[in-house]
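J.: can you look at this prediction? I've put the sequence above it.
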Amino acid sequence: QVQLVESGGGLVQAGGSLRLSCAASGRPASSMSMAWFRQAPGKEREFVSAINWGSPTTDYVDSVKGRFTMSRDSAKNTVYLQMNSLKSEDTAIYYCAAKVGGKTRSSSAYAYWGQGTQVTVSS
């Protein structure tokens with residue numbers, strides 16, 4: 001069982017930066033992967049990025065490539081999402097998720113979810 005707690009959301013002006021954190025209880029197995037998803041008002045949940053815990057290869061949706069960076073700190077059982085050059089269209093609730101096995105963009109594959117953290121980008 002893995003419990004996830006996100007933090008770091010807030011209000012920022014367009015062009016600014018935020019760093020989201022997701023702390024995992026227990027120790028994620030090296031065979032697990034974690035991801036960030038987001039959901040804007042009136043829209044479906046969207047994949048943002050994912051990372052394999054054991055070997056930190058990453059995957060990003062095209063709209064955030066070059067602006068967002070996902071990383072993990074094994075000692076702290078925490079993953080991060082560094083978000084730079086934020087745009088108004090990045091406004092959403094951001095969710096951290098975890099699963100056993102390799103990373104995927106499919107939200108239905110993730111068994112564990114955090115409560116979400118709000119990111120609001122003002123233009």
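T.: Thanks, I have the structure now. Everything numeric here is computed off the predicted structure, so don't read it as measured data.

J.: and Gly15, how many residues sit next to it?
T.: Residues lying near Gly15 (other CB atoms under 10 Å) number 11. Any C-beta I mention is one placed from the backbone N, CA and C, and that applies to glycine too.

J.: grab the nearest non-local neighbour of the most centrally placed residue in the chain.
T.: Closest to where the C-alpha atoms of the chain average out (CA atoms, centre = their mean) is Trp36, at 2.4 Å. Distances taken as CB to CB, 6 or more residues apart in numbering put Val48 closest to Trp36, at 4.3 Å, once the chain neighbours are dropped.

J.: my guess is the one you found contacts Phe37. True?
T.: Yes. In this structure, Val48 is within contact of Phe37 by CB atoms under 8 Å, at 5.9 Å.

J.: quick check: neighbours shared by those two?
T.: Common neighbours of Val48 and Phe37 (criterion: CB atoms under 8 Å, 6 or more residues apart in numbering): Tyr94.

J.: any low-confidence regions in the chain?
T.: Where the chain drops to pLDDT under 70, the residues are 27-28.

J.: and the helices in it?
T.: Taking DSSP state H as the criterion, the chain carries no helices.
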